[in-house]
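Participant: fold the following.
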Amino acid sequence: MVGFLPRLKSACFRKGAFEMTFKGIATTAVLASVIGLAGCSGNDVQNQSPYAQADGRYQGTLPCADCAGIKTNLEIRNQNNTGASFTLDSTRLGQSEKPLQTKGQVLIKQNVGPNSYPLVYELKNGQGNTIYNLLPVGNGDMRLLDRNYTRIDSSDNLTLKRIN
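Facilitator: Residues are numbered from 1 along each chain as shown. Sure thing, here's the model as predicted:
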């Protein structure tokens, strides 16, 4: 064993061998750091609570039977990952300049509707009435579902776009 160390030492510190070994170790350390940091960057949505995933502001113009559309501004606020509240401002285009404001709680529904959607956000006002059922879709947007958690078959825009 004693004779092994001098040979190892002399092999590692020979001209060029040390440089190659050091460069290999340094390159490996840099790559490991970059890969490790890449895992920490951005929001890891999969590890967030459903309330934290929904936290944000949404906008869109939803269809209206007797007006040009309902300009909709929705803000969902996460409450320590145990619940969420919402503020909804709705303006009936062509009928009113002043938005109607509704506040309430966001409920999480899982595996609901005929398609067993894994996650749906149900907005309930202060009286406990359901205002909207929203299905999360790509890019963090929300799509309106009917009261039975079914997609509404329509060519109208039924999506609220996430704006932050």
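
Participant: how about the helices in this protein?
Facilitator: 4-12, 17-38, 50-54 (DSSP state H).

Participant: quick one, domains of the protein?
Facilitator: Listed by automatic domain parsing, the domain ranges of the chain are 4-38, 46-162.

Participant: what's the most buried one of these?
Facilitator: Comparing the domains of the chain by mean neighbour count (mean count of other CB atoms under 10 Å), domain 46-162 comes out on top with a mean of 15. C-beta: built from backbone N, CA, C; applies to glycine.

Participant: residue contacts, the closest residue to Met142 other than its chain neighbours?
Facilitator: Counting by CB to CB, 6 or more residues apart in numbering, Met142 lies nearest to Leu134, which is 4.0 Å off, once chain neighbours are set aside. For Leu134, the contact set (CB atoms under 8 Å, 6 or more residues apart in numbering) comprises Val120, Tyr121, Glu122, Leu123, Met142, Arg143, Leu144, Leu145, Leu160.

Participant: show the pLDDT at the residue nearest to the spatial centre of the chain.
Facilitator: Centroid-nearest residue in the chain, with CA atoms, centre = their mean: Gln53, separated by 4.1 Å. On the pLDDT scale, Gln53 is placed at 93.

Participant: now the one 4 residues further on
Facilitator: Predicted confidence (pLDDT) at Arg57: the value is 98.

Participant: cool, and Leu8?
Facilitator: With respect to pLDDT, Leu8 has a value of 44.

Participant: show me where the protein has strands.
Facilitator: Remark: strands assigned in the chain by DSSP state E are 56-62, 70-78, 84-92, 100-109, 120-125, 130-136, 142-145, 159-162.

Participant: mind putting those strands in a markdown table, distance to Gln48 included?
Facilitator: Formatted as a markdown table, the strands of the chain follow (distance: least, CB to CB, whole Å):
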| stretch | distance to Gln48 |
| --- | --- |
| strand 56-62 | 12 |
| strand 70-78 | 9 |
| strand 84-92 | 12 |
| strand 100-109 | 13 |
| strand 120-125 | 14 |
| strand 130-136 | 12 |
| strand 142-145 | 16 |
| strand 159-162 | 14 |
